[in-house]
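**Student:** what follows is a protein structure lacking sequence information:
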Ligand SMILES: *Cc1c(COP(=O)(O)O)cnc(C)c1O
């Protein structure tokens, strides 16, 4: 989007005038492979169960919801405990309207000494920081997009940020941090009295141990998770945080009263009861990821190793924006993440993946 000219009468904050709103293009396509959603829709049984529960809640919508979302937070804790063998209760969990709200709350509560992240990574971390007036600093990654932890530790020690963000598996690159590396970063951030925020939006697609297992030993580790990706529940807007209870207590200070609607809480509680179904597609997506990567490599393209439900590829001769457009002309919507020479594609269902591969072959052979 080109930069908007704001009218002079509008008292917009100076530091916002140069920003562009978050905007993955929302255009109709036969294969929508641009925002890392799970392509598999809820089953009719789950849809009915959500409708039933929401119907029940509808009879009490004259009342505010549970401000503290205690039932949902306890259920999320149990879910994490099942995955990671941990022992969290509701007081270690915070829930919000997508993990983006969690990220915003973290900045509002802890932003004083600024934040540090390692690019290329999730573009919303710096954007949300700027919007709430938190200073953001970019550290780098290696050319192959892996994180040089020794260099990262030097940057942490030098800049002493209140918040250090790492995303693993990383978006948009799909690359992974080992739990040992996260532990090193946890120590380095503790030494500067900072929090290490580990964004695990795609953790369910990776076989690496979750950073939630570090929280007991390192109270400065904060893990962000979401129901939007593997959990196939993006439309409901539920993200959550796993952390030391003191971190959660700080979230209470900055949250808006009744921020999570009764309908959202109810829908998420039902979804968690159906976790077997919702996460049942993860293995299929991992399998499809392998197939798509093999196809792209057989076309002579380079694909970064991915532990997520998306891949980035390079090795084509045209501009990414041009390939992106040619794919869209063929009904396939992927993502131009603004990385020189690269495009990102979300793994879809079998038909969508085939459509993507077919269209790309056609484009590259021209
Ligand atoms: C998608 C994504 C999120 C945000 O998800 P919500 O839908 O707001 O829960 C957070 N972090 C990363 C790295 C993501 O890719």
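**Tutor:** Everything's here; your move. Since this is a predicted model, take the numbers as computed values, not measurements. Residues are numbered from 1 along each chain as shown.

**Student:** spell out which parts of the chain neighbour the ligand.
**Tutor:** 36, 98-100, 122, 167, 171, 199, 201, 226, 228-229, 234, 239 (C-beta under 6 Å from any ligand atom). In this view, the C-beta of every residue, glycine as well, is placed from N, C-alpha and C.

**Student:** so what touches the worst-scoring helix or strand of the chain on mean pLDDT?
**Tutor:** Across the helices and strands of the chain, mean pLDDT, DSSP states H and E gives its lowest value to helix 275-279, namely a mean of 91. For helix 275-279, contacts defined as C-beta atoms under 8 Å, 6 or more residues apart in numbering pick out 38, 42-43, 45-46, 79, 82, 204, 230-233, 271.

**Student:** count of neighbours near residue 123?
**Tutor:** Residues lying near residue 123 (other C-beta atoms under 10 Å) number 15.

**Student:** actually residue 230, not the one I typed
**Tutor:** By other C-beta under 10 Å, neighbour count at residue 230 equals 23.

**Student:** did I read that right, it in a helix?
**Tutor:** No: counting by DSSP: H, G, I helix; E, B strand; the rest coil, residue 230 is not found in a helix; it is coil.

**Student:** test my guess that it contacts residue 200.
**Tutor:** No: judged on C-beta atoms under 8 Å, residue 230 makes no contact with residue 200 at a distance of 10.2 Å.

**Student:** closest residue of the protein to the ligand?
**Tutor:** Using C-beta to the nearest ligand atom, the closest approach of the chain to the ligand is made by residue 98 at 2.7 Å.

**Student:** residues contacting the closest residue to residue 228 other than its chain neighbours?
**Tutor:** The shortest distance from residue 228 to any non-neighbouring residue, by C-beta to C-beta, 6 or more residues apart in numbering, is to residue 234 (3.9 Å). By C-beta under 8 Å, 6+ apart, the contact set of residue 234 is 35, 37, 38, 227, 228.

**Student:** can I assume residue 161 is in contact with residue 118?
**Tutor:** No: counting by C-beta under 8 Å, residue 161 does not reach residue 118; the two are 11.6 Å apart.

**Student:** excluding its backbone neighbours, what's nearest residue 343?
**Tutor:** Nearest to residue 343 is residue 320, by C-beta to C-beta, 6+ apart, at 5.0 Å.

**Student:** quick check: buried residues in the helix or strand encompassing residue 180?
**Tutor:** Residue 180 is part of helix 179-191, with elements assigned from DSSP states H and E. For helix 179-191, burial by neighbour count (16 or more other C-beta atoms under 10 Å) applies to 181, 182, 183, 185, 186, 188, 189, 190.

**Student:** return the member of the residues you listed nearest to residue 106.
**Tutor:** residue 189 (13.3 Å; C-beta to C-beta).

**Student:** what's the closest non-adjacent residue to the closest one?
**Tutor:** Among residues not flanking residue 189 along the chain, residue 196 sits closest, at 4.2 Å (C-beta to C-beta, 6+ apart).

**Student:** what residues are up against the one you found?
**Tutor:** Going by C-beta under 8 Å, 6+ apart, residue 196 touches 164, 166, 182, 185, 186, 189, 190, 218, 220, 221, 222.

**Student:** now the two most distant members of those.
**Tutor:** Checking the contacts of residue 196 with C-beta to C-beta, the most distant pair is 166 and 190, at 14.5 Å.

**Student:** per-domain residue ranges of the protein.
**Tutor:** Using automatic domain parsing, the domain ranges for the chain come out as 25-42+277-364, 44-273.

**Student:** ends of the shortest one, what's the gap?
**Tutor:** End-to-end distance of domain 25-42+277-364: 23 Å, with C-alpha to C-alpha, to the nearest Å as the criterion.

**Student:** residue 165: which element?
**Tutor:** strand 163-167.

**Student:** counting by contacts, list what that strand packs against.
**Tutor:** helix 99-110, strand 115-118, helix 179-191, strand 195-199 (3 or more C-beta pairs under 8 Å, 6 or more residues apart in numbering; DSSP states H and E).

**Student:** could I get the average pLDDT for the longest one?
**Tutor:** Along helix 179-191, the predicted confidence averages to a pLDDT of 98.

**Student:** please apply the same query to the last one.
**Tutor:** Looking at strand 195-199 alone, the average pLDDT works out to 98.

**Student:** next: the second one.
**Tutor:** When the per-residue pLDDT values of strand 115-118 are averaged, the result is 98.

**Student:** got it, and the first one?
**Tutor:** Confidence for helix 99-110, expressed as mean pLDDT, is 98.

**Student:** got a list of contacts for it?
**Tutor:** By C-beta under 8 Å, 6+ apart, helix 99-110 touches 94, 96, 115, 124-125, 128-129, 131-132, 134, 162-163, 195, 197, 199, 201, 222, 224-226, 228, 239-241, 250-251, 253-255, 259.
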